[in-house]
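Undergrad: I would like the atomic coordinates for the input below:
(2 chains)
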Amino acid sequence: MVLSGLPSAQGLYDPSYEKDNCGVGFIANINGEKSHEVVKKGIEILVNMTHRGAAGSDPTTGDGAGIMVQMPHEFFEIACKNLGVELPSAGEYGVGMFFLPKTPAMRYQCEGIAERVIAEEGAELLGWRIVPVDNRAIGETARYTEPIMKQVFIGMGTIKTIEAFESKLYLIRKRIENEVATYVQKGNEPFYICSLSNKTIVYKGLLLPEQISNYYIDLQDLNFRSAMSMVHSRFSTNTFPTWELAHPYRYLAHNGEINTIRGNRNWMNAREGVLKSEVYGKDVTKLFPILMPNMSDSGSLDNVFELLRKHGRSNTHALTMLIPEAWENDESMDPKKRSYYEYNASMLEPWDGPAAVFFCDGDQVGATLDRNGLRPAKYVITKDGHMVMASELGVIRFNPEDIVRKGRLEPGKMIMVDTLKKVVLEDEAIKSEIFNSFPYDESIKERRITMDSLPEFKENYQVRSETLTEKQYAFGYTLEDIHEIVKVMAETGKEPIGAMGNDAPLAVFSDQPQTLFAYFRQLFAQVTNPPIDPIREKIVMSLKNYIGSQASMLSTSPDVEPFIEIGTPVLTNDEMGRLRALRNEHFKATKIPITFKADLGVEGFKAALSSICERASRRVAEGYNVLVLSDKKVDGYEASIPSLLAVSAVHHHLIEEKTRTKVSIIVEAGDARETTHIALLVAYGASAVNPYLAIETARELCRKKLIQDITEEEATANYVKALSIGLQKILSKMGICTVQSYHGAQIFEALGLGQELIDQYFPGTPSRIGGLDVASIARETLDKHHHAFNRLRKSMNDLEIGGQLIWRNGAERHLFNPETISLLQQATKQNDFNKFKAYTKLINYQEKGLSTIRGMFDLVTLPEPIDINEVEPVSEILKRFCTGAMSFGSISKEVHETIAIAMNRIGAKSNSGEGGEDPARYVPDDEGNFRRSAIKQVASARFGVNTNYLMNAGELQIKVAQGAKPGEGGHLPGAKVDTHIARVRHSTPGIDLISPPPHHDIYSIEDLAQLIYDLKSTNPKARVSVKLVAEVGVGTVAAGVAKAHADMILISGHDGGTGASPISSIKTAGVPWEIGLSEAHQVLLLNNLRSRVRLQTDGQLKTGRDIVIASLLGAEEFGFATTALVVMGCTMLRHCNKNNCDLGIATQDPDLRKNFAGRPEYLINFMTFMAMEARQIMAELGFRTIEEMVGRVDKIKINPKIDHWKAVQLKLDKVLFKPDVPSRMKPYCTQIQDHGIDQSFDHKLIEAATMALKTKKQIQASFEINNVHRTVGSMLSGQIVERFGEAGLPEDTLKFTFYGSAGQSFGAFGAPGLTLHLEGDANDYVGKSLSGAKVIVRPSKKASFKSHENYIAGNTILYGATAGEVFISGRVGERFAVRNSGAKAVVEGVGNHGCEYMTGGTVVILGPTGNNFAAGMSGGEAFIYDPENKLEENCNFEIVKMFDIDSMANARIKAMVQKHFDETDSEVADSLLKDWDNASKAFKYIVSPIYKAIMDKKDAVENEKVS
Amino acid sequence: MATKTGFKTYERQNFKLRPKTQRLNDDNEVYKPLSESLMVDQAKRCMGCGTTFCSWGCPLGNLISYWNDFSHQEKWEEAYEALSRTSNFPEFTSRVCPAPCEAACVLGVNREPVSIREIEYTIIEHAFENGWVKPRRPKTRTGKRIAVVGSGPAGMAVADELNAVGHEIVVFERNLEPGGLLRYGIPNFKLEKSVIDRRIDLMKDAGVRFVTNTAVGKDVKATDLLEEFDAIVLTGGSTVPRDLTVMGRELDGIHYAVDYLENHTKRIHDLPTETLIDARGKNVLVIGGGDTGSDCIGTANRQGANKVYQVEILPKAPDQRDDSQPWPIYPRLNKVTSSHKEGCEQFWEVSTKRLVGENGAVKKAVIEKINWVNSDGRMIPEPVEGSEVELEVDLVLLAMGFLSPEHDGVVNDLGLALDARGNVHSNERHETNIKGVFTAGDMARGQSLVVRAIKEGRTAAKYVDEYLMGESYIRTFK
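TA: Alright, predicted model coming up:
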């Protein structure tokens, strides 16, 4: 099926990368009483979440909205009667909601097919109804692609029971879909069946929420009644109109993203081969493909859900199979429940990714969250028997006295309204019914086999030292692999760390031996879903996987096949031996060698590959269910097939044959040694990997005493551990939690592999620049083999040096090498442009040694250059330059300030990095030097981010990812946090500072839009930029970011520098900026969004030519970081992580800092030279301004002199593609984004505060508020700080009271002197980056529910707060006080991950805490009222400890509780205070011992001063 | 590699000179190595840079940071393996190399560089002591025969590499013993000749044949070699010394430095010599301020000279690096060698105007101050009026470098093309205009360092191997 509306794949744009995030909700009458009111309220929910959806370049066309309701029988009865159709009673007929082609002939054909299928299946056509619509209100774009809407009415015909009829309706729909796809040549014309059911119906389309009820006239009819409505509005990354991608689907509406979708689809398709249906019998094949092609991830999820539902699984059962809770590490979970999950896991991998899934089948309506619970879902239950659930609170207003309960859905939990039972059922009640229905625990006990229980196997694999070297050579090992990678892992159990990015050539340009692994790049989450912190949140992570044959997922028999459980996919030799020896009734292992006769050359390689696949098929047919692919046979005669190629080939071959789920693939791989290698093998189908040669290498290092003080066994264990942890990190980067769902998910893109190779062996893997064919891969393998085993005439029996990480003579090239570094330093120091040109010549001309994609380019110059004086002056070009984000902390104060001074002098921008900034730098110093960074970064840890910081910026940059380690967090050890660093980061010297991998307020695009809105509200003068890293699909993300109203988007290349990052991330995550930038530019243009944003790029930009090329590919601004440091004296020691930089740059050591010899002039010279060279080239190309040049890819051609055997196979036409769009759509920024802040609620507050802002006069006022009022108090706070500085106003100068439901980010960036008092409830991000204000949230005085048992404020409260106070009389959501570093708060209960990453401040919790409390909490204090002693099992004690409460602490808690009571009238506070002596004994004190010691010392010193 | 903070803890230390009284009396090497444990500390000073400027500075591309790393862990065998990977004769370079690696060492930006050369010395001597340095016997013989003409460092490197991959090698040397300038151009007090013998013995043991006392082009016809061998590699060095064209040049007592040094070396090793050049009791003038000049000073003092003068036409170089020679360039600095410390009087920016004799023997040298002036972009010397000085001398040694290889003999016999400077012309694959004839070292590139000669030899070997076999596993760098 071709989706109408989306453009076809062109250039770097591919519709399959499209993503969407959303607002979702339902309302239901618990007693099942149908009313038109419920339909209307459903639509009201939609409208009140409009800000969570989006509109594109055409503001009247939404991204999609829809509603699912119970069959409105009364309405249809009348409507059909008018058409002359007599409907049977409710439930005895089905209605299909069709999108049909506009062209009559095609439409007739579709209708004809539908009618024939209905008849063939024994049902009866009752009639067609044209759905009346009013398309005057919808957008131009939507109207243009609007389908014809028709409903078909189907009677039971010869079908006897309602049950059978329901099953038939599903079969009918699948058949119609398949036959239309087969027989109708409809091109881009729409055909889609929204729903076909006897119970529910879906009305949806490419609409804005407020348009839906005007468009579908049916929805306005008073007879149109339902007891439940489920609604959804979509925020898509694109602006292309597609009607069918609107939700809800047939059962589900989904807010989120399935990260593992590629694997899930592959497995699902493969599973068709083993599906046994008790319902459809042989007809089951008519349902195939189960997954409708070209659907979104949510659509596919709905397809599988539907299949399970139609096979007798309840909503709960089906959902818990697909999206299980985090059961793997949860020791406290009911064993029966864990067994139930494990039972499912043995048949089906989780569909993993952030998800709030809402479901509705006409009887039940409800929702579940995935294990991470990163999408909000909140509910209210009213006295009159309604339940409303949505992404936000307050979407429907109720009188406070009518509310029975307010709550939120917790991670992994489920809630639903059952209208048949007339109750609201909560998680345990729903699920226990299922897991108690069968003794799953006993079944699992019988069937789960662990590795330990398998007979031991003595593996005698040890190679002689000399043979070892040969094998290492054959598998492409270098000295570096041994000494910098394997050795480090075996010694320390951790991945090696590197610094300063990657300036070595791409594998496809390298002349050094390469493994096939080197041609793949890890993908990672950015914006549309969050990465996970695998260390602090390891409770959700699992490396468990299963070996054996999978049972049919439809089987209702509880007898699953036995399975072997493995704890990590990395196998030791002994474990490998145990598996290989399996031979019993359930498990039969067989070994398939993946080698070929080296003599047979390339042809032998190809032939072997296909015979391996054939052999695999044969073995499967013979009943083997463990295939061991092994390259151990390699010797002088046998050469190896790269293990990744063999694994993926077999995996896809068996998927194709639909036998894949019958076997497990395990690989004995000589070439695998790095974490990325393991990840690749797993992602392309291996259940487990035994890296035997790397293990042998580690053991040899022990034997040679190059690894000292540990045994060979310990070294092996360390190595396995390092790989496993590294693998976990790679999954978490993508937001994936379990290796089971990562297995086969292909979360990679290829860089330098040809399409034919990809299609044949790695289908579905993006590969945008083409590259090697199979023969070339064979050649690389044979070259190594030949070298390795030429025993006779080898003068030196040793390995290549490598040089990927470290430049060494005779090893891999690096663009920054001694020659270029010293030339650049001399040129900029001596202000010598000729020397600079000598430097750029070495970088720019790469014909003889290619490193980068741009090295392949040739520029199309004019025969005669234009007069250079016509080209805009250097000073204009300089304005487009900035330096990259480098935090003070990673580099020394001297360097940081020198860079800022230089950039300010030339009108360019420096970047604060993520470490905050000393306010002393906000004014020029005594010598007139301005040390302020114009760009202030807002990163995930929010270090140093407060209102004053925002107000002193020209640009606020949201760092979503960083080139060297996208998707990863950071960790600054306490030892490096000195007084100064601590001060600017608002932290305490000596304590660890941890940066979370995700921004905890950006889990989706609508969240990013919210953060942009927060920042823009606080400082409307600053532009807001978003930093992304190039990877496949970054263009789509960029489009979403542009729609989220970013002013500038930065696309960073993969190669950017860093202070410290695992080497695997530096080398194998992300792609070059040439691809990412071009993709972003193309997709923005296609969406007509390019003119709304500026594009910037960075990543090893080194010359003026680089600037010109970046511009031709779409950039109008340029960033430099590594190069700037080299100019400042950096010699690429790559020791930034070691505090050991003798050049005084990346160090805080006072002695070393003295060595820093950089001067602002050097950097000014550099920037000037860059602009000068750019101007020279612009004159040659005939461009007078940068703007003229943006996007002019026609000026780039491939250098014909390039003859490198690998490079010539690349196809760069996609990178150099220019979309055909009308010239009025400008390829550079011409418009200012409309941020909507002129409608901000704060204008009212500012008006009320006028006198206070002038004279500090005390003012009080009150307002009504609801959830569409977002970021209340921030703009006012910005103004307070602008006028009065960081100290703001005296406490309570401005006291504002609000009534109702506050929107997101209530009180964000609140400044001192401001008090926000809310009676009602609040959504997420209350008090985000609170900077001194006081925020109070309490239920309405009229409310009858108990505040401390109800949930009155959302997730992620006080994120990054630095000062101020919060009092909340009620419970709050997940991640309360995450990264708080100074605020004080009292609340009455918190969700999971409370106080995560906290570094300062004090919180008092008067109620329960969720799981994983205090993870990564290196500072600050928490006091928890815990009379039932539950805290201990919920707390993460890796950093914190529980301490006794002494009299001083007791007094502090009491004072805070007293204040809480004074501010909120809290009932619980009241009762505690009344019985304080007893109550205080039940408080627990949670703090990190290090922090406590520092604080105690400080107290002691202060006491001494006092006395 | 482990985090290294040794550079913050330890200062650079160098080998100490033996006492003057002792070393002037024995002709043995002047330096006394530091203890192994001190050298371990020195190795700890290496930062293990992410960009190894040392390896770039080294013409051989030595993997210095690797062997420093191993040395500081006292993994001497691994250190030796890493060293021998790129360097055939570390025992030579660790004694006589001016160590461009140290000039490029990143520590040198702010402090004293790592004492790389002396660490190299420690590794290789440790390796010899422990018997790790073994003859590189090939696993098989190819049946190809190669003649190497000239047994200096380039010729030795060619022979060592090509023998190891199975070719049969015959090295022709016209002098009495192999080693070329290593043996006769460098005094024993800098490089004891037993060190060369030790290596030659290993090479012989590995199957390399040395034919000494045989001048190709005189004793053996070069064209015959073409018949007899599958390839010829010419590594005869740059042996024509630069002469001084002044009045009095014809007088007795005026010698080329190489002749003088060779004469001395042969005498202390009891080898026959045709002439006798001795400085005992004489006033010696060394013309030329380079290393060879310095070697003459040391030798003259060992022979018991009365007084030694050294003159240099260029201005005195700075004592320390300045902005005109920024790191990591190898700087031209004023070097005070052990020989200088043994006693001599130095003059800079002077030219030798004439030599005056008595009875046909030199008695006086007239030198004159000069100024270097810029004339159309070229610097030319201009005499300073009235600055003449007369020195009483009775032995004059000309140490002004070399011009080119000798053209008589092999070069002319084979009809080899020459380049503009009179060196044997070759392409980047070291091939001369005659098929099967290769050249390397000073003969091809003009006078240079021992370390460059070794590098040249290795590279040439790779191309010879490729020429003979179609492929080669010999590694080269840069």
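
Undergrad: which parts of stretch B:6-18 are buried?
TA: Buried residues in stretch B:6-18, defined by neighbour count with 16 or more other C-beta atoms under 10 Å in any protein chain shown: B:6-7, B:12, B:15, B:18. (Each C-beta comes from the backbone N, C-alpha and C, glycine too.)

Undergrad: so, low pLDDT: which residues of the stretch 351-478 of chain B?
TA: B:477-478 (pLDDT under 70).

Undergrad: can you show me the helices along it?
TA: Taking DSSP state H, counting those that start in this stretch, the helices of the stretch 351-478 of chain B run over residues B:410-414, B:442-445, B:450-469.

Undergrad: chain A: which of those helices is closest?
TA: Nearest to chain A among the helices of the stretch 351-478 of chain B is helix B:450-469 (7.4 Å), distances taken as C-beta to the nearest C-beta.

Undergrad: chain center to that closest one, what's the gap?
TA: Put simply, helix B:450-469 sits 18 Å off its chain's centre (C-alpha atoms, centre = their mean, to the nearest Å).

Undergrad: buried residues, that helix. List them.
TA: Those would be B:450-465, B:467-468, for helix B:450-469 by 16+ other C-beta under 10 Å.

Undergrad: what residue in chain B comes nearest to chain A?
TA: For chain B, C-beta to the nearest C-beta, closest residue to chain A: residue B:50, 2.6 Å.

Undergrad: list the contacts of the closest residue in space to that residue that isn't next to it in sequence.
TA: Closest residue to residue B:50 in three dimensions, ignoring its sequence neighbours and counting by C-beta to C-beta, 6 or more residues apart in numbering or on different chains: residue A:1134, at 2.6 Å. The neighbours of residue A:1134, taking C-beta atoms under 8 Å, 6 or more residues apart in numbering or on different chains as the test, are A:498-500, A:805-806, B:49-51.

Undergrad: a markdown table for these, including pLDDT?
TA: What follows is these, written out as a markdown table (pLDDT from 0 to 100):
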| residue | pLDDT |
| --- | --- |
| A:498 | 89 |
| A:499 | 88 |
| A:500 | 89 |
| A:805 | 93 |
| A:806 | 94 |
| B:49 | 95 |
| B:50 | 95 |
| B:51 | 96 |
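
Undergrad: may I see the buried residues of the lengthiest strand in chain B?
TA: Across chain B, the longest stretch assigned as strand under DSSP state E is strand B:361-375. Under the neighbour-count criterion of 16+ other C-beta under 10 Å, strand B:361-375 has B:362-370 buried.

Undergrad: cool, stretch A:1158-1171 as well?
TA: Quick answer for stretch A:1158-1171 (16+ other C-beta under 10 Å): A:1158-1160, A:1162-1171.

Undergrad: now do stretch A:1026-1035, average pLDDT.
TA: Throughout stretch A:1026-1035, pLDDT has a mean value of 95.

Undergrad: same question, stretch A:425-444
TA: On average, stretch A:425-444 scores 91.

Undergrad: what comes up buried for it?
TA: Of the residues in stretch A:425-444, those buried (16+ other C-beta under 10 Å) are A:425, A:427, A:430-431, A:434-435, A:438, A:440-441, A:443-444.

Undergrad: that older thread, and which of the contacts of residue A:1134 is nearest residue A:1454?
TA: residue A:499 (49.0 Å; C-beta to C-beta).

Undergrad: how about that closest one, nearest residue that isn't a chain neighbour?
TA: Leaving out its chain neighbours, residue A:499 is closest to residue A:1136 (C-beta to C-beta, 6+ apart), at 3.8 Å.

Undergrad: correct me, but that neighbour touches residue A:500?
TA: Yes. Residue A:1136 lies in contact with residue A:500 (C-beta atoms under 8 Å); the separation is 6.3 Å.

Undergrad: for the residue in the stretch 1201-1350 of chain A that chain B sits nearest to, give me the pLDDT.
TA: Residue nearest to chain B within the stretch 1201-1350 of chain A (C-beta to the nearest C-beta): residue A:1205, separated by 16.3 Å. Predicted confidence (pLDDT) for residue A:1205: 96.

Undergrad: got the contact list for it?
TA: Here residue A:1205 is in contact with residue A:776 (C-beta under 8 Å, 6+ apart).

Undergrad: what is the most widely separated pair among the buried residues of strand B:361-375?
TA: B:363 and B:370 (23.3 Å).

Undergrad: closest to residue A:817 out of the buried residues of strand B:361-375?
TA: Nearest member of those to residue A:817, counting by C-beta to C-beta, is residue B:370, at 40.6 Å.

Undergrad: spell out the secondary structure type for residue A:658.
TA: Put simply, residue A:658 is coil when judged by DSSP: H, G, I helix; E, B strand; the rest coil.

Undergrad: just the strands in the stretch 201-350 of chain B please.
TA: Taking DSSP state E, counting those that start in this stretch, the strands of the stretch 201-350 of chain B run over residues B:209-211, B:231-234, B:240-241, B:254-256, B:283-287, B:307-312, B:345-348, B:350-358.

Undergrad: most neighbours per residue, which of those?
TA: Highest mean neighbour count among the strands of the stretch 201-350 of chain B (mean count of other C-beta atoms under 10 Å in any protein chain shown): strand B:231-234, with a mean of 28.

Undergrad: using CSV, write down the CA coordinates of that one.
TA: C-alpha atoms of strand B:231-234 as CSV (Å, rounded to 0.1, in the frame of the first residue of the first chain):
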residue,chain,number,x,y,z
ALA,B,231,69.1,-7.2,-8.1
ILE,B,232,71.7,-4.7,-6.9
VAL,B,233,71.2,-2.1,-4.2
LEU,B,234,73.7,0.7,-4.1
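
Undergrad: now the residue of the stretch 1201-1350 of chain A closest to chain B: how far from residue A:775?
TA: 11 Å (C-beta to C-beta, to the nearest Å).

Undergrad: and for the single nearest residue of the stretch 151-300 of chain A relative to chain B, the neighbour number?
TA: Nearest residue of the stretch 151-300 of chain A to chain B, counting by C-beta to the nearest C-beta: residue A:259, 34.0 Å away. Other residues near residue A:259 come to 28 when the count uses other C-beta atoms under 10 Å in any protein chain shown.

Undergrad: could you give the number of residues near the spatially closest residue to it that is not a sequence neighbour?
TA: Ranked by C-beta to C-beta, 6+ apart and with sequence neighbours excluded, the top spatial neighbour of residue A:259 is residue A:353, at 3.9 Å. Number of residues near residue A:353 (other C-beta under 10 Å) recorded here: 27.

Undergrad: quick one, phi psi at residue A:353?
TA: Phi and psi for residue A:353, reported as degrees, to the nearest 10, are phi 150, psi 170.

Undergrad: same check on the one 5 residues further on?
TA: For residue A:358, the backbone dihedrals (degrees, to the nearest 10) come out as phi -100, psi 140.

Undergrad: this completes my enquiry, with thanks.
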